[in-house]
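Engineer: here's my sequence, what's the structure:
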Amino acid sequence: QVQLVESGGGLVQAGGSLRLSCATSGRTFSAYNTGWFRQAPGKSREFVAGIRRGGTSTDYADSVKGRFTISRDDANNTVYLQMNSLKPEDTAVYYCSAGGQGYFGYWGQGTQVTVSS
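Structural biologist: Next up is the predicted model:
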């Protein structure tokens, strides 16, 4: 069982930055792939970024490439999402995830990110 708790969301102006954190429990965290997804009002949940176990590779949605960076700190059981050059269309609830094969299987409760124009 993996428990995920996100933090770092908030209100920011367009062009600004935020860093989301996801604290995880469980001594097997390093064995999981981890990711970030988001869900805007009236839309389905979508993939944002993922990082494989060991940090060997990363994946990004086209909409965030070059602006967002995912990283993980296995020693502290934490996953990060650095978000730069934020746009109003980035407004959503952001969810941390962990999975054995893909990037999801376990979910956090979500953290709201609002980007004003």
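Engineer: going forward, measure contacts between C-alpha atoms and count neighbours the same way
Structural biologist: Fine.
Engineer: now do the helices in the chain.
Structural biologist: Taking DSSP state H as the criterion, the chain contains no helices.
Engineer: that one: strands as residue ranges?
Structural biologist: Ranges of strands within the chain are 4-7, 10-13, 18-24, 33-39, 46-51, 58-60, 68-73, 78-83, 92-99, 106-107, 111-116, based on DSSP state E.
Engineer: let's have those in TSV, adding mean pLDDT and mean neighbour count.
Structural biologist: Written out in TSV, the entries for the strands of the chain read as follows (pLDDT from 0 to 100; neighbours: other CA atoms under 10 Å):
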stretch	mean pLDDT	mean neighbour count
strand 4-7	96	20
strand 10-13	98	15
strand 18-24	96	20
strand 33-39	97	25
strand 46-51	98	22
strand 58-60	97	17
strand 68-73	97	20
strand 78-83	97	21
strand 92-99	96	25
strand 106-107	94	18
strand 111-116	98	19
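Engineer: ok, the residue nearest to Gly26 when sequence neighbours are not counted to Met83 distance?
Structural biologist: Among residues not flanking Gly26 along the chain, Val2 sits closest, at 5.8 Å (CA to CA, 6 or more residues apart in numbering). Using CA to CA, to the nearest Å, we find Val2 at a distance of 25 Å from Met83.
Engineer: how close does the closest residue to Gly110 other than its chain neighbours sit to Ser117?
Structural biologist: Ranked by CA to CA, 6+ apart and with sequence neighbours excluded, the top spatial neighbour of Gly110 is Tyr95, at 4.4 Å. From Tyr95 across to Ser117, the span is 23 Å (CA to CA).
Engineer: same check on Glu6?
Structural biologist: 24 Å.
Engineer: same check on Gly54?
Structural biologist: For Gly54, the distance to Ser117 equals 37 Å [CA to CA].
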